[in-house]
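S.K.: 3D, please:
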Amino acid sequence: MGWIKQRYIRRIKSRIYDYVVANYPKLENDRFVLGDMPYNYKCHYNAVQKVLEGKADKVYACIAIHKRDWRDIIVHFINGTQKGKCQDNTWGWVYKYYDYYLVKEVKEDEYDNVVDILGGLKEMLIQLNSNAMLRKLLRIDSSII
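M.R.: Residues are numbered from 1 along each chain as shown. Predicted coordinates:
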């Protein structure tokens, strides 16, 4: 059943890719400036921390898709600056290898729930682009993105 699961995951990711590109605005690479690079898989916390430190002005929830491998789809959080630029304060310079699609600006009163926003976006993308019965049968969860 392993190859069936992998094939279905590929189909889900293909649908998610199509959905993201069709429904969310792409952030152009020239809007990005260099951010910090703790590279710790805690982008949601890093982005909020930078705002609280006064080193960024906004937190954005995005979908990041690798430019060379459309199957590398990640729900990711970045920052906005006063000058209208974007900063990835988790991946640093690695931002140039990804296309970012803006889902929403995370408001200040949502910072305490940033983990729920992360999980909710993952679940929403999976549910909209897959079949509930097949997800259960093949044991597919939101960790695929």
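
S.K.: so where do the helices sit in the chain?
M.R.: Applying DSSP state H to the chain gives helices spanning 2-23, 43-52, 114-128, 132-138.

S.K.: so of these, which one's packed in deepest?
M.R.: helix 43-52 (a mean of 21; mean count of other CB atoms under 10 Å). (C-beta placed from N, C-alpha, C; glycine too.)

S.K.: what packs against it?
M.R.: strand 58-66, strand 73-80, helix 114-128 (3 or more CB pairs under 8 Å, 6 or more residues apart in numbering; DSSP states H and E).

S.K.: centre of the chain to it, how far?
M.R.: 14 Å (CA atoms, centre = their mean, to the nearest Å).

S.K.: please apply the same query to stretch 110-119.
M.R.: 13 Å.

S.K.: for it, the averaged confidence score.
M.R.: On average, the pLDDT along stretch 110-119 is 97.

S.K.: picking that back up, show me the one of the helices of the chain that comes nearest Leu34.
M.R.: When the helices of the chain are compared by CB to CB, helix 43-52 sits nearest Leu34, at 12.9 Å.

S.K.: using PDB, write out every CA atom in the closest one.
M.R.: Extracted in PDB, the C-alpha atoms of helix 43-52 (Å, rounded to 0.1, in the frame of the first residue of the first chain):
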ATOM      1  CA  CYS A  43       8.700  30.100  11.500                       C
ATOM      2  CA  HIS A  44       5.400  31.000  13.200                       C
ATOM      3  CA  TYR A  45       7.200  31.800  16.500                       C
ATOM      4  CA  ASN A  46      10.200  33.500  14.700                       C
ATOM      5  CA  ALA A  47       7.900  35.900  12.800                       C
ATOM      6  CA  VAL A  48       5.900  36.900  15.900                       C
ATOM      7  CA  GLN A  49       9.200  37.300  17.900                       C
ATOM      8  CA  LYS A  50      10.600  39.800  15.400                       C
ATOM      9  CA  VAL A  51       7.500  42.000  15.600                       C
ATOM     10  CA  LEU A  52       7.600  41.900  19.400                       C
END
